[in-house]
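Trainee: Fold the stuff below for me.
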Amino acid sequence: KSFEASSLPKLVATLGFARPPQFQFVDRRLDMVPNPDTTNAGPFNFDGKFVNDFRRCVRVTLHRMLGQARNSMLGGPEIHPETDMSQYKSDLLRLLDSRGYIHQLTDAEGLDALAAKQVVPAYIGFDATAPSLHVGSLVQIMMLRRLQQTGHKPVVLMGGGTTRIGDPTGRDESRKMLSDEAIEANIASIKTIFDRFLKFGDGPTDAVMVNNHDWLGKLGYIEMLQKVGTHFTINRMLSFDSVKLRLDREQPMTFLEFNYMILQGYDFRHLAQEMGVRLQMGGSDQWGNIVNGIELSRRMDAMEVYGLTTPLLATADGAKMGKTAKGAVWLNQDQRPAYDYWQFWRNTQDADVGRFLRLFTDIDLAEIGRLESLQGSEINEAKKVLADAATTMAHGSEAAAAAAETARKTFEEGSGGDALPTIMVTESEITLVD
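Mentor: Residues are numbered from 1 along each chain as shown. Okay, here's the model as predicted:
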């Protein structure tokens, strides 16, 4: 209550918000706020949705204050945090906002006006470090789906080039180096995932998949230093969390990894020049890399492009989305059977049901509102709807129906279904201890 606006510039400078990503400190602190003990709430009826809404309100307020302070001191890209969807004119931003995808925008008004008048090609990048993506990437995949649903063009950027370096964001060690053959095989496998979520083709709003090795592999080192390196300062690069946090923990970072943000920024510039891409989307941990690409396009080509990030997704108890005790929740059936995938969604926590229905299904918002309002054991029916819809999208309706029937037979009838995972053990493998 005693906080004065006049103290903002000093606070901003002290905490290092003067350079993008200036909001990551706030985000990390808010994400560390523990969830309330719903069994000891006293007169207050706290639940997971309340806590998430509270965090969002605080985050929006602080982002707006810090963004205004930064712009008044330094200029540069204007930052627009989450906004009331009634202010949006384009179907794209209205849909993204109503379903909870929007975390940060570099120019909400400019992007909204552009999306309202023309087809906007937009991209998200995915490195090919494994034969499959996992549920942690599903928000980004669904963002591309929403883009296409509102009449715009999704561009899936596969990091055939950047995979050879490895994104250092959120890591304490370098990624394992993969062979060219392994990377190409991974890209081919990952393409089958996108085929289930997007419509590919030659039409104006059909999705396309491109590989950044096609241009990064041809970029000479001296040429890159001359054309791109002059627009990046070491001071600025050292300020990004992907670098700063690694160094603060006294973990080594190779010069190869240090160049990742330059190449990702160049990707945006190349796609803007060659394919007319005007928007890059990604998780909030990619904010700094996205802003790099925006500024590089402005400096090299005076082109106006935009950035949009989603909140980093965690479950109501704070666990990282897409990870379980059994490991990553892969999207390819070869690495995670449809039944296990269905069960992952069926086991969603009560407080996450509504949010996950909005993010990961095409179910109408009014129906989602009804489902998330169910109380007691009735919420389990909403979880089944979520599991059916999510599994149908990723593996097809037949696989979803088979998984649901197997679950029904197993847990309601006490028998086994055809899709129930089995493990064959020979008699010789069974020991006395077993």
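
Trainee: what about this protein, any weak spots by pLDDT?
Mentor: For the chain, the stretches with pLDDT under 70 are 1-86, 166-175, 241-242, 255, 322-326, 412-425, 427-429, 432-434.

Trainee: dump the residue contacts of the residue most central in space within it.
Mentor: Nearest to the mean C-alpha position of the chain, counting by C-alpha atoms, centre = their mean, stands residue 283 at 3.7 Å. Residue 283 makes contact with 139-140, 309-310, 312-313, according to C-beta atoms under 8 Å, 6 or more residues apart in numbering. C-beta coordinates here come from the backbone N, C-alpha and C atoms, glycine included.

Trainee: Any figure for the gap between it and residue 400?
Mentor: Distance, residue 283 to residue 400, by C-beta to C-beta, to the nearest Å: 27 Å.

Trainee: try residue 309
Mentor: According to C-beta to C-beta, residue 309 stands 30 Å off from residue 400.

Trainee: Ok, residue 144 next?
Mentor: Distance of residue 144 to residue 400, computed by C-beta to C-beta: 21 Å.

Trainee: Quick check: phi and psi on residue 134?
Mentor: phi -120, psi -180 (degrees, to the nearest 10).

Trainee: Give me the nearest residue to it, chain neighbours excluded.
Mentor: Distance criterion C-beta to C-beta, 6 or more residues apart in numbering; nearest residue to residue 134, sequence neighbours excluded, is residue 328 at 4.2 Å.

Trainee: What is the burial count for the one you found?
Mentor: 16 (other C-beta atoms under 10 Å).

Trainee: Give the bridge partners for it, please.
Mentor: Beta bridges link residue 328 to residue 323, judged by DSSP bridges.

Trainee: Thought residue 133 was touching it, still the case?
Mentor: No: using C-beta atoms under 8 Å, residue 328 is not in contact with residue 133, being 9.3 Å away.

Trainee: Can you convert the contacts of residue 283 into a markdown table and add a column each for neighbour count?
Mentor: Compiled in a markdown table, the contacts of residue 283 are given as follows (neighbours: other C-beta atoms under 10 Å):
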| residue | neighbour count |
| --- | --- |
| 139 | 22 |
| 140 | 20 |
| 309 | 24 |
| 310 | 22 |
| 312 | 18 |
| 313 | 20 |
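
Trainee: Could you tell me which of the residues you listed belong to strands?
Mentor: When DSSP state E is applied, the contacts of residue 283 are split such that 309-310 fall in strands.

Trainee: could I have the host helix or strand of residue 268 exported to PDB, CA atoms only?
Mentor: Element membership of residue 268, judged by DSSP states H and E, is helix 260-275. The C-alpha trace of helix 260-275 is given here as PDB (Å, rounded to 0.1, in the frame of the first residue of the first chain):
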ATOM      1  CA  TYR A 260      22.100 -20.400 -29.500                       C
ATOM      2  CA  MET A 261      20.200 -17.200 -28.900                       C
ATOM      3  CA  ILE A 262      21.900 -15.500 -32.000                       C
ATOM      4  CA  LEU A 263      20.800 -18.300 -34.300                       C
ATOM      5  CA  GLN A 264      17.300 -18.400 -32.900                       C
ATOM      6  CA  GLY A 265      17.100 -14.600 -33.500                       C
ATOM      7  CA  TYR A 266      18.300 -15.100 -37.000                       C
ATOM      8  CA  ASP A 267      15.600 -17.800 -37.600                       C
ATOM      9  CA  PHE A 268      12.900 -15.200 -37.000                       C
ATOM     10  CA  ARG A 269      14.600 -12.700 -39.300                       C
ATOM     11  CA  HIS A 270      15.000 -15.300 -42.000                       C
ATOM     12  CA  LEU A 271      11.400 -16.500 -41.800                       C
ATOM     13  CA  ALA A 272      10.100 -12.900 -41.900                       C
ATOM     14  CA  GLN A 273      12.100 -12.200 -45.000                       C
ATOM     15  CA  GLU A 274      11.500 -15.400 -46.900                       C
ATOM     16  CA  MET A 275       8.000 -16.400 -45.800                       C
END
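
Trainee: Any chance you could list what contacts that helix?
Mentor: So helix 260-275 is in contact with 121, 123, 125, 155, 157, 161-162, 165-168, 208, 210, 212, 215-216, 219, 224, 228-229, 232, 237, 240, 242, 277-278, 280, 288-290, 292-297, 300-301, 303, 305, going by C-beta under 8 Å, 6+ apart.

Trainee: Tell me which helix or strand residue 387 sits in.
Mentor: Going by DSSP H and E, residue 387 is part of helix 379-395.

Trainee: Check the contacts of helix 260-275 for burial and list the buried ones.
Mentor: Buried by 16 or more other C-beta atoms under 10 Å: 121, 123, 125, 155, 157, 161-162, 165-168, 208, 210, 212, 216, 228, 232, 237, 240, 242, 277-278, 280, 288-290, 292-297, 300, 303, 305, out of the contacts of helix 260-275.

Trainee: Can you tell me which of the residues you listed end up in strands?
Mentor: 121, 123, 125, 155, 157, 208, 210, 280.

Trainee: what's the first-to-last distance across stretch 367-382?
Mentor: Counting by C-alpha to C-alpha, to the nearest Å, you get 10 Å between the two ends of stretch 367-382.

Trainee: same thing with stretch 206-222?
Mentor: Using C-alpha to C-alpha, one end of stretch 206-222 lies 36 Å from the other.

Trainee: How far off centre is that stretch?
Mentor: Taking C-alpha atoms, centre = their mean, to the nearest Å, the mean C-alpha location of stretch 206-222 is offset from the chain mean by 22 Å.

Trainee: who touches it?
Mentor: Against stretch 206-222 from outside (C-beta under 8 Å, 6+ apart): 125, 144, 148, 153-162, 164, 183, 187, 191, 194, 198-201, 263, 266-267, 270-271, 275.
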